[in-house]
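S.K.: Any chance you can model this:
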Amino acid sequence: MSGELVVLGAVTLPGVHRSVRNARRFLRDMLPPGHPGLDDLMTVGSETVCNAITHTASGDGGWVTVSLLAGEGVHRLEVADDGADGRRPRVKAEDGSESGRGMRVVEALSDRWGYRTDGDRTIVWAEFRSENSSENSDRGLSRGSSTLLAAAFQGGEQ
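M.R.: Residues are numbered from 1 along each chain as shown. Model (predicted):
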């Protein structure tokens, strides 16, 4: 990625589980209908917002902020929580359990992901390569979502 990122939009939501749906709606509204990578972006948004609400101070009367940025050849999703308990986001080893797969999904569907801290807050970000992202293009985010998502749920490689 080169160049500056431009904020396309941001929303701050209460730390309740219905906010996951509202975050998906926000992301859906930020890109043109039928955008090929929209499903991946909304899935990653859902996972990261749910994690923030479940595992940080965002879920106990707190807030979570969802931002969508774009730059030359990339869209970036950022989810900021109200403060973690000292643990940081990580991809857990596959152990066959039904929970704890959120960051595996994020890793599988995004081209790059990571986090940064801002005081007590953690901002998880995920990037999706695309063409003309800064112009809110209708081409190019998807990376074969179904194959990657299946690999994430089965513990396979990309």
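
S.K.: by contact count, what packs against the longest strand along the chain?
M.R.: Longest strand of the chain, by residue count under DSSP state E: strand 2-14. Judged by 3 or more C-beta pairs under 8 Å, 6 or more residues apart in numbering; DSSP states H and E, strand 2-14 is in contact with helix 18-30, strand 63-72. Just so you know, the C-beta spots here come from the backbone N, C-alpha and C atoms, and that holds for glycine as well.

S.K.: let's see 10 Å
M.R.: For strand 2-14, the elements it packs on are helix 18-30, helix 38-55, strand 63-72, strand 74-80, judged by 3 or more C-beta pairs under 10 Å, 6 or more residues apart in numbering; DSSP states H and E.

S.K.: Given it, what are its sheet partners and their directions?
M.R.: Strand pairing for strand 2-14, using DSSP bridges, gives strand 63-72 (antiparallel).

S.K.: so how far is Thr65 from Thr48?
M.R.: Using C-beta to C-beta, to the nearest Å, Thr48 is found at 11 Å from Thr65.

S.K.: Find residues that contact each of these two.
M.R.: Jointly contacting Thr48 and Thr65 under the rule C-beta atoms under 10 Å, 6 or more residues apart in numbering are 23, 78-81, 123.

S.K.: which one of these is nearest Thr54?
M.R.: Distance to Thr54 across the shared contacts of Thr48 and Thr65 (C-beta to C-beta) is lowest for Asp81, with 10.2 Å.
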